[in-house]
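Participant: Have a look; sequence and predicted model below, questions after that.
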Amino acid sequence: MSAPHKKYRVGELRPSQLLFTYGIGAIVDLPHISTMVMGLDDWETIHTSEIGEARLLQAVRTILGPQVKWLRSLPAILEQLEGGFHPFDESATIGIPVAPFPRWMLCPRCRRLASLDSGLFQLKADVYRPDRIRYVHSNCSKAVTPPVLPARFLVACERGHLDDFPWVSFVHKGEQSCQARLRLREVGVSGEAAGIEVECEVCGAKRRMSDAFGSTAEGQKGLPPCNGRRPHLRDYEEEVCEQSSRTISLGASNSWFPIVLSTLAVPIVTDRLGQFVEEYWHILEKTTSEQNIALLRQLGMFPRLDLSFSDAEIWTKVAARQDGTAPPPEEQPVGLKVPEWQVLTRPETASMTHDFQIRPVQPPPGYEQLLKQIVLVERLRVVQSLIGFTRIESPGDATDGYSDPATLLSERRVPLSRRKPTWVPTAEVRGEGIFIEFREEALYAWEEEASRHKHDRLFKEAHRKWRAARSIKNPEQGYPGLRYVLLHSFAHVLIRQLTLECGYTAASIRERIYALTPDQDDGPMAGILLYTSAPDSEGTLGGLVGLGTPLHFGRHIDGALEQMQHCASDPLCAEHTSLHEITLHEAACHACLFIPETSCERGNKYLDRSVLVPTVDREHLAFFGKALLTGGAD
């Protein structure tokens, strides 16, 4: 944690948490204080390292600008083999900068509510026990210097601005003449907003917090318009924000949603020397001579170097690429998934590397007419970069991996720094997975039936209304299609089924959907990748790949589809329609299809188990209907 003029190290987070849970602009609860992760302007890169992944860097540059030069790892501290924490060790200064937020605090003993700027609260630090850092109320009338708590409420808007709750303005309904001295009392026992009352001791004004959540004019009285504050950047946006402020609770799940770009590190060149140069190009592009290559080799910068390559051969390849006489690998399309699809669907010709090893197997018996092949991804490397975040609304509906990323939530994406960033926080993980490719002819025939066309129109209309209700520009755009709904739903049922035997939880398995129709650019695509990963350099232990063999995998598909025919919430689940409640799912709920949102690339949207199997409400949409009648893998 960072405070004015001082630095304290408090708490630890994993790299994945700093991308998906507690990234820049998010609020982190430390043992006795609430803090916000600051923007890249406050970060130090001396303890970070560059991560090489050309395709991901190109996609990041398309969104954030050509000034982005690096994908850099998060600051890391070398593991201490012996001895405890030492405040004067250099490692004590390595970490992620944060600042106290919210700035309004509450004394739990005397119920005094005031800002840190009021001087009523003092920071108490213990350099030998940083977990004890806290603010205390030094002049409390009820106890001796009790630790204070952060205020429970904040205000935010859909453009990502965030600020302390306007306590003074709220209790006085907009009046600013009173020299307010506030207390926050709980008049109920439930802890709900209706039982919390803020009171001014100077003028006697009182108001219940339930008024702050009302949508009426009276309820919004005292809530000022959004001031454009960006606390993670320590500034206010110059452009006037036209959004109205919305009260949210501290720790609310909609206070921060990451926008992360991720890609599989697939080989894009065929010769071994070319693969080596491509893998380490972020280092090799800075070399100027053969002697530089020799020095880097001696320093151990190329841990996976084929010793049959001489320094001269490597330098010749590097120099040719630097001079332009040897063109770089083929310019990659903007969609990150296209090269992945090309490699995964042609496993016989794919080049194998230390971080990418695949093996094709036949589809399970009984599913040969629907599934083309199963590819066991025995080793994979996933690189993920944080490029921004949103508040209030999740960006999941816009990040499909195919559309032009230059338009990706351009209005609602909150920047990571005040200036245009030259690098972005990136993490790499290694693991394993199972890739399932569908037969295009079977999927095309299923899409062409008239009943599916009607269902597709209903989903598309729900998509338009859902986006229009959230004031998203061009609400009719970005619809992934019924093909995506089918593949996405199938991925979810498999994840839920595989967790029963593979040894991983549902939150540990992620999905990657490849869904494009023949009339779309780079199409057709019809496949899913289920993978699990770990930050360890050797990845995972093979528990997921072991279930991908035809005998085992067929049994799991049978079990998954059988479970989906009925839901504990039927008939309500089976009869659910997206247009009636303006949702982006049909027959789907927490009891059947939903999985942890960190595992889903669309936040549990575009799901419908009736397109997989017959349900109590619909029988004519099922893609796997015939497989169920014939007994699947039996």
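Facilitator: Great, that's in hand.

Participant: where does the stretch 51-200 of the chain dip in pLDDT?
Facilitator: 77-93 (pLDDT under 70).

Participant: for it, what spans make up the strands?
Facilitator: Per DSSP state E, counting those that start in this stretch, the stretch 51-200 of the chain carries strands over the ranges 70-72, 98-100, 104-106, 112-115, 121-124, 134-137, 149-150, 153-156, 162-164, 182-186, 196-200.

Participant: which stretch among these comes nearest Tyr514?
Facilitator: Checking those against Tyr514 by Cβ to Cβ gives strand 70-72 as the closest, at 23.4 Å. All C-beta spots, glycine's among them, are computed from the backbone N, C-alpha and C.

Participant: And this structure, what are its domain boundaries?
Facilitator: Per automatic domain parsing, the structural domains of the chain span 2-251, 269-323, 337-380+413-629.

Participant: pLDDT on the top strand by length along the chain, on average?
Facilitator: The single longest strand within the chain, with elements called by DSSP state E, is strand 371-390. The average pLDDT within strand 371-390 is 93.

Participant: and what of stretch 600-613?
Facilitator: Stretch 600-613 comes out at a mean pLDDT of 91.

Participant: Span of that stretch from start to end?
Facilitator: 21 Å (Cα to Cα, to the nearest Å).

Participant: can you check stretch 412-426 too?
Facilitator: Start-to-end, stretch 412-426 (Cα to Cα) is 21 Å.

Participant: Now that stretch: buried residues?
Facilitator: Residues of stretch 412-426 classed as buried by neighbour count (16 or more other Cβ atoms under 10 Å): 412-417, 421, 423-426.

Participant: Could you do stretch 180-189 as well?
Facilitator: Result for stretch 180-189 [16+ other Cβ under 10 Å]: buried residues 180-184.

Participant: Please identify the helix or strand for Glu597.
Facilitator: Under the criterion of DSSP states H and E, Glu597 resides outside all helices and strands.

Participant: sorry, back to before: any idea which of the domains of the chain is most buried?
Facilitator: domain 337-380+413-629 (a mean of 19; mean count of other Cβ atoms under 10 Å).

Participant: tell me how far that domain is from the chain's mean position?
Facilitator: Counting by Cα atoms, centre = their mean, to the nearest Å, domain 337-380+413-629 is centred 17 Å from the centre of its parent chain.

Participant: now swap in stretch 148-165 and tell me
Facilitator: Centre-to-centre, stretch 148-165 and its host chain are 21 Å apart (Cα atoms, centre = their mean).

Participant: End to end on that stretch, go ahead and measure it.
Facilitator: 17 Å.

Participant: what's the answer for stretch 229-245, then?
Facilitator: End residues of stretch 229-245 are separated by 11 Å (Cα to Cα).

Participant: do the same with stretch 516-527
Facilitator: Per Cα to Cα, stretch 516-527 runs 10 Å from first to last residue.

Participant: Any chance you could list what contacts it?
Facilitator: 333, 335, 337-338, 341, 344-345, 402, 435-440, 443-444, 447, 481, 483, 487, 514-515 (Cβ atoms under 8 Å, 6 or more residues apart in numbering).

Participant: Among those residues, which are located in helices?
Facilitator: 337-338, 341, 344, 440, 443-444, 447, 483, 487 (DSSP state H).

Participant: can you list those residues in CSV and add distance to Gln122 and pLDDT?
Facilitator: Below are the ones in helices among the contacts of stretch 516-527 laid out as CSV (distance: Cβ to Cβ, whole Å; pLDDT from 0 to 100):
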residue, distance to Gln122, pLDDT
Lys337, 53, 89
Val338, 57, 88
Trp341, 58, 93
Leu344, 58, 94
Glu440, 68, 94
Leu443, 65, 93
Tyr444, 69, 90
Glu447, 66, 89
Arg483, 60, 94
Leu487, 57, 96
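
Participant: residues making contact with the helix ranked longest in the chain?
Facilitator: With secondary structure taken from DSSP H, the chain has its longest helix at helix 450-469. With Cβ under 8 Å, 6+ apart as the test, helix 450-469 has contacts from 397, 446-447, 475-476, 478-479, 481-482, 485, 577-579, 582-584, 586, 606, 608, 611, 620-621.

Participant: Buried residues, stretch 252-271. List them.
Facilitator: Buried, per 16+ other Cβ under 10 Å, within stretch 252-271: 255-269.

Participant: which one among these gets closest to Cys567?
Facilitator: For those, the nearest to Cys567 is Phe257 (27.8 Å; Cβ to Cβ).

Participant: bridging residues for that closest one?
Facilitator: Taking DSSP bridges as the rule, Phe257 bridges to Thr390.

Participant: show me the contacts for it.
Facilitator: Here Phe257 is in contact with 389-391, 393-396 (Cβ under 8 Å, 6+ apart).

Participant: just to revisit the earlier point, just name the lowest-scoring one in the buried residues of stretch 252-271, pLDDT-wise.
Facilitator: Ranked by pLDDT, those bottom out at Val269 (60).

Participant: ok so, going back, just the buried residues of stretch 412-426: which are in helices?
Facilitator: Among those, no member falls in helices (DSSP H).

Participant: Out of those residues, the closest to Gly503 would be?
Facilitator: Thr426 (28.0 Å).

Participant: residues touching that closest one, list them.
Facilitator: Contacts of Thr426 by Cβ under 8 Å, 6+ apart are 51, 53, 56, 71-74, 383-386.

Participant: now the angle from the helix or strand encompassing Arg510 to helix 440-448?
Facilitator: Under the criterion of DSSP H and E, Arg510 resides in strand 509-516. For strand 509-516 against helix 440-448, the angle by axes from the mean of the first three to the mean of the last three Cα atoms, to 10 degrees is 80 degrees.

Participant: So for strand 509-516, mean pLDDT?
Facilitator: 94.

Participant: Tell me the helix or strand right after that strand.
Facilitator: Following strand 509-516 in sequence, per DSSP H and E, is strand 525-534.

Participant: and that following strand, which strands flank it?
Facilitator: Partners of strand 525-534, by DSSP bridges, with direction: strand 423-438 (antiparallel), strand 509-516 (antiparallel).

Participant: one step back: can you redo the buried residues of stretch 180-189 as JSON lines with distance to His172?
Facilitator: Below are those laid out as JSON lines (distance: Cβ to Cβ, whole Å):
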{"residue": "Ala180", "distance to His172": "7"}
{"residue": "Arg181", "distance to His172": "12"}
{"residue": "Leu182", "distance to His172": "10"}
{"residue": "Arg183", "distance to His172": "14"}
{"residue": "Leu184", "distance to His172": "15"}
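
Participant: Greatest separation within the ones in helices among the contacts of stretch 516-527: which pair is it?
Facilitator: Leu344 and Glu447 (21.9 Å).

Participant: show me where pLDDT drops low in the stretch 401-550 of the chain?
Facilitator: 401-411, 450, 536-541.

Participant: quick revisit: kindly export the longest helix of the chain (C-alpha atoms) in PDB.
Facilitator: Listed next in PDB are the C-alpha coordinates belonging to helix 450-469 (Å, rounded to 0.1, in the frame of the first residue of the first chain):
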ATOM      1  CA  ALA A 450     -37.100 -23.300 -40.300                       C
ATOM      2  CA  SER A 451     -37.700 -23.800 -36.600                       C
ATOM      3  CA  ARG A 452     -34.100 -22.700 -35.900                       C
ATOM      4  CA  HIS A 453     -34.600 -19.600 -38.000                       C
ATOM      5  CA  LYS A 454     -37.500 -18.500 -35.800                       C
ATOM      6  CA  HIS A 455     -35.500 -19.200 -32.600                       C
ATOM      7  CA  ASP A 456     -32.600 -17.300 -34.000                       C
ATOM      8  CA  ARG A 457     -34.800 -14.200 -34.700                       C
ATOM      9  CA  LEU A 458     -36.000 -14.300 -31.100                       C
ATOM     10  CA  PHE A 459     -32.500 -14.400 -29.700                       C
ATOM     11  CA  LYS A 460     -31.400 -11.600 -32.000                       C
ATOM     12  CA  GLU A 461     -34.300  -9.400 -30.900                       C
ATOM     13  CA  ALA A 462     -33.500 -10.100 -27.300                       C
ATOM     14  CA  HIS A 463     -29.900  -9.100 -28.100                       C
ATOM     15  CA  ARG A 464     -31.000  -5.800 -29.600                       C
ATOM     16  CA  LYS A 465     -33.300  -4.900 -26.700                       C
ATOM     17  CA  TRP A 466     -30.800  -5.900 -24.100                       C
ATOM     18  CA  ARG A 467     -28.100  -3.600 -25.600                       C
ATOM     19  CA  ALA A 468     -30.600  -0.800 -26.200                       C
ATOM     20  CA  ALA A 469     -31.700  -0.900 -22.600                       C
END
